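In: give me a model of this one.
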Amino acid sequence: MKRNLILRSITGILFVVVVAGSILYGVQTYSLLFAVITAMTTWEFCSIVNKNLQMQINRFITTVAAVYLYFAVMGFNLNIAGSEIFIPYLISIIYLFISELYFDRKNSIYNWAFTMMAQLYVALPLSMIHVISFFAVQGVAGQPQVVYSPVFVLSVFIFLWSNDSGAYCFGSMFGKHRLFPRISPKKSWEGSIGGAVVAIVVSQVVASYSMDMNSSSEWLNRIAWGGLAVVVVVFGTWGDLVESLLKRKLSIKDSGNILPGHGGMLDRFDSSLLAIPASVVYVYTVNSGMFQNMYDKILLLMGK
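Out: Now for the predicted structure:
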């Protein structure tokens, strides 16, 4: 038990260092690492479905399509190419549908369903990470220029890690009321609330160093960062529960064993698969000026 805890702790620390370091080091390391993560997670998802549900998903083409989507979204957000960059991806999806016609398989419909699930559940969320990584700014001579900004991506993972650590500590000490006993008997309301509080506190530390949410008002900036932490916690918890339900239906404990003490890639990134898309929606909603408009209207109603 003690040995497993030490192994799990070492693996967790190394994982945090590698992910955070790659994001901070630059666009090359960040994009390469998450391309590998996309490939490994997609392959792992296809493998556990094939093995435990006797499916026959084409793991190779499905994984190649996932990685291509990842780089296509990156290229599109970098303005390297237009929407035509997605054509090869669409061709690969069409192929995955048509290919089933030429095999006499009992589970063809389920093969289609789980192939599409691999794209929607794994590939698309991990590809969306680029949407909050690259932003258009005014460059030299007024020309638009795309820049890489690691602050939002890194914050999403920092809030997820903070929530996990807080939930574990508070759940271990005070956990009595089960959050979702049908799917995850170990999760408690006390742990979830404690994890959320830790993540919100951490978000205020981030807000002290970053005005990226609202450069005109410190209070709105702090509120917006706190809101992102709440979004990450809520959707990250749902992401964890979604994977727990998947594993229950597949009758497995872990999705893999590549990470000692932590299971597989899907186990490690389950929370982020819902937290990333939700964060994209939140960040772009906040940056659209909605919060600022609401704040201005409140001040107007108060006569200030």
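
In: and residue 56, which of the three is it?
Out: Classification of residue 56 using DSSP: H, G, I helix; E, B strand; the rest coil returns coil.

In: does residue 56 touch residue 50 like I think?
Out: Yes: contact criterion Cβ atoms under 8 Å: residue 56 and residue 50 qualify, at 6.5 Å. (C-beta placed from N, C-alpha, C; glycine too.)

In: what residue is smack in the middle of the protein?
Out: residue 272 (2.6 Å; Cα atoms, centre = their mean).

In: do you know how far it is from residue 215?
Out: Residue 272 sits 27 Å away from residue 215, going by Cβ to Cβ, to the nearest Å.

In: what does the pLDDT read for the residue nearest to the centre of the chain?
Out: Per-residue pLDDT puts residue 272 at 95.

In: what's it in contact with, if anything?
Out: Residue 272 is in contact with 125-126, 156-157, 160, 236, 239, counting by Cβ atoms under 8 Å, 6 or more residues apart in numbering.

In: same check, this time on residue 75
Out: 81, 85.

In: immediately after the helix or strand where it lies, which helix or strand?
Out: Assigned by DSSP states H and E, residue 75 belongs to helix 59-77. Next along the chain after helix 59-77, taking DSSP H and E as the criterion, comes helix 87-98.

In: angle of that following helix against helix 59-77?
Out: 150 degrees (axes from the mean of the first three to the mean of the last three Cα atoms, to 10 degrees).

In: in this structure, where's the longest helix?
Out: The residue-count maximum for a helix in the chain (DSSP state H) belongs to helix 218-250.

In: chain center to it: distance?
Out: Put simply, helix 218-250 sits 9 Å off its chain's centre (Cα atoms, centre = their mean, to the nearest Å).

In: packing partners of the following helix or strand past it?
Out: Moving toward the C-terminus from helix 218-250, the next helix or strand (DSSP H and E) is helix 265-269. Helix 265-269 is packed against helix 27-53, with contacts defined by 3 or more Cβ pairs under 8 Å, 6 or more residues apart in numbering; DSSP states H and E.

In: buried sites along the helix it packs on?
Out: Going by neighbour count (16 or more other Cβ atoms under 10 Å), the buried part of helix 27-53 is 27, 30-31, 33-35, 37-50, 53.

In: what angle do it and helix 218-250 make?
Out: If you take the same axes, to 10 degrees, helix 27-53 sits at 30 degrees to helix 218-250.

In: helix 27-53: how far from the chain's middle?
Out: 13 Å.

In: also stretch 246-259?
Out: Relative to the centre of its chain, stretch 246-259 is centred 19 Å away, using Cα atoms, centre = their mean.

In: 26 is where my numbering starts, stick with that
Out: Shifting the count to begin at 26 puts that one at stretch 271-284.

In: pull out the buried positions in that stretch.
Out: Residues of stretch 271-284 classed as buried by neighbour count (16+ other Cβ under 10 Å): 271-272, 280-281, 284.

In: now stretch 144-163
Out: 144, 146-160.

In: now swap in stretch 254-274 and tell me
Out: So, applying 16+ other Cβ under 10 Å, buried residues of stretch 254-274: 254, 256-269, 271-272.

In: other residues contacting it?
Out: 181, 184-185, 187-188, 204-205, 208-209, 212, 217, 220-221, 224-225, 227-228, 278-280, 291-292, 295-300, 302-304, 307.

In: change it to 7 Å
Out: With contacts defined as Cβ atoms under 7 Å, 6 or more residues apart in numbering, stretch 254-274 is touched by 181, 184-185, 188, 205, 208-209, 217, 220-221, 224-225, 227-228, 278, 280, 291, 295-300, 303-304, 307.

In: all helices for the stretch 126-275 of the chain, in order.
Out: In the stretch 126-275 of the chain, the helices defined using DSSP state H, counting those that start in this stretch lie at 133-142, 149-152, 176-199, 214-234, 243-275.

In: which elements pack onto the second one?
Out: Same thing as helix 149-152. Helix 149-152 is packed against helix 52-78, helix 84-102, helix 297-312, with contacts defined by 3 or more Cβ pairs under 7 Å, 6 or more residues apart in numbering; DSSP states H and E.

In: turn the ones you listed into CSV, columns for distance to residue 170.
Out: Formatted as CSV, the helices and strands packed on helix 149-152 follow (distance: least, Cβ to Cβ, whole Å):
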stretch, distance to residue 170
helix 52-78, 14
helix 84-102, 13
helix 297-312, 17
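
In: where does the stretch 76-225 of the chain have low pLDDT?
Out: Within the stretch 76-225 of the chain, the stretches with pLDDT under 70 are 163-168.
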